[in-house]
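A.B. asks: quick one, structure for this:
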Amino acid sequence: MAAQSPYPPELRRRVVRMVAEVRPDYPSEWSAMKAVATKLGVKHAETVRSWVRRAEVDTGVRQGTTTEESVELKRLKRENAELRRANEILKAAAGFFAAGLDRPHKY
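C.D. replies: The predicted structure follows:
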């Protein structure tokens, strides 16, 4: 399970908005991200960059797997693994009971 972020979701949204708003005031997007990180107390500008990129994917501006799709994919993978385990148990049980039918019965 992923570690809980020390930054609340509202701060993330605010950072993403601020980067978009101040971008024209800086020579590059990266310099805007560094400035916003400093202003809002985000320890690493790389964290801001990842939030901005994630927001771009989630809004369709950038290609990639959205947060919603990623969550659904993880859920489906867990469900698939659980179903595979259940299937293996059922196969083993069927083999056990089928072997019992092949034994001669003593009456």
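
A.B. asks: could you check how far residue 11 is from residue 42?
C.D. replies: Per CB to CB, to the nearest Å, residue 11 is found 8 Å from residue 42. In short, each C-beta sits where N, CA and C put it, glycine included.

A.B. asks: higher neighbour count, the two?
C.D. replies: Ranked by neighbour count (other CB atoms under 10 Å), residue 11 and residue 42 place residue 42 first, with 20 against 15.

A.B. asks: how about the nearest residue to that one, chain neighbours excluded?
C.D. replies: residue 48 (5.6 Å; CB to CB, 6 or more residues apart in numbering).

A.B. asks: which parts of the helix or strand that contains residue 11 are buried?
C.D. replies: For residue 11, the host element (DSSP states H and E) is helix 9-22. Neighbour counts over helix 9-22 (16 or more other CB atoms under 10 Å) mark 12, 15-16, 18-19 as buried.

A.B. asks: helices or strands next to the following helix or strand past that helix in the packing?
C.D. replies: Using DSSP H and E, the helix or strand that follows helix 9-22 towards the C-terminus is helix 29-40. On a contact count with 3 or more CB pairs under 8 Å, 6 or more residues apart in numbering; DSSP states H and E, helix 29-40 meets helix 9-22, helix 45-58.
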